[in-house]
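[1] Provided below are the primary sequence and the corresponding predicted coordinates.
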Amino acid sequence: MNRITHMVTFTLYAGKDNTEAEAFLQESKEALATIPGVENFQVLRQVSIKNEFDYCFSMEFADQAAYDAYNDHPVHRQYVTERWEKEVSRFQEIDLMQYSSDER
């Protein structure tokens, strides 16, 4: 089975380490972690000065079908429109599958 790790690093218009940012992070976790197929949802804070983003959401999916279902889920689509697009100033998505030389 090819598990997918989906990570999105981002910066908020509200800045970091403040009440607005904390509310965004908590409310995002409450909304996104409950979508079927989402596993191991984590909210992470950047600690390296080498990275321009402040926060990261990381989650796992059992396979491509679970990841696709998450992307198409009404809660995710509504979240993107009503929260993400309005409160996130910039971001980068990273979607990874474990590499195995046996799969070449």
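    Ah, there it is.

[2] just list the residues touching the residue nearest to the spatial centre of the chain, thanks.
    Nearest to the geometric centre of the chain sits Phe57, at 3.5 Å (Cα atoms, centre = their mean). The contact partners of Phe57, by Cβ atoms under 8 Å, 6 or more residues apart in numbering, come to 7-8, 10, 28-29, 32, 41-44. Where you see a C-beta, it was placed from the backbone N, CA and C, and this is true even at glycine.

[3] same thing but 6 Å
    Val8 (Cβ atoms under 6 Å, 6 or more residues apart in numbering).

[4] if I look at it, how far off is Tyr99?
    Distance from Phe57 to Tyr99, counting by Cβ to Cβ, to the nearest Å: 22 Å.

[5] how about the helices in the chain?
    19-32, 64-72, 74-79, 85-87 (DSSP state H).

[6] of all those, which lies closest to Glu52?
    Evaluated with Cβ to Cβ, these place helix 19-32 nearest to Glu52, the distance being 15.9 Å.

[7] starting at the chain centroid, how far to that closest one?
    Chain-centre distance of helix 19-32: 12 Å, with Cα atoms, centre = their mean, to the nearest Å.

[8] what's that helix in contact with?
    Residues outside helix 19-32 that contact it (Cβ under 6 Å, 6+ apart): 12, 14, 43, 79, 87.

[9] return that helix as PDB; C-alpha atoms alone will do.
    Backbone C-alpha positions of helix 19-32 (Å, rounded to 0.1, in the frame of the first residue of the first chain) are rendered in PDB as follows:
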ATOM      1  CA  THR A  19      -4.400  34.900  19.500                       C
ATOM      2  CA  GLU A  20      -5.600  35.100  15.900                       C
ATOM      3  CA  ALA A  21      -3.000  32.600  14.700                       C
ATOM      4  CA  GLU A  22      -3.700  30.200  17.600                       C
ATOM      5  CA  ALA A  23      -7.500  30.300  16.800                       C
ATOM      6  CA  PHE A  24      -6.800  29.600  13.200                       C
ATOM      7  CA  LEU A  25      -4.600  26.600  14.000                       C
ATOM      8  CA  GLN A  26      -7.000  25.100  16.500                       C
ATOM      9  CA  GLU A  27     -10.100  25.700  14.400                       C
ATOM     10  CA  SER A  28      -8.400  24.300  11.300                       C
ATOM     11  CA  LYS A  29      -7.400  21.100  13.200                       C
ATOM     12  CA  GLU A  30     -11.000  20.700  14.500                       C
ATOM     13  CA  ALA A  31     -12.300  20.900  10.900                       C
ATOM     14  CA  LEU A  32      -9.700  19.000   8.900                       C
END
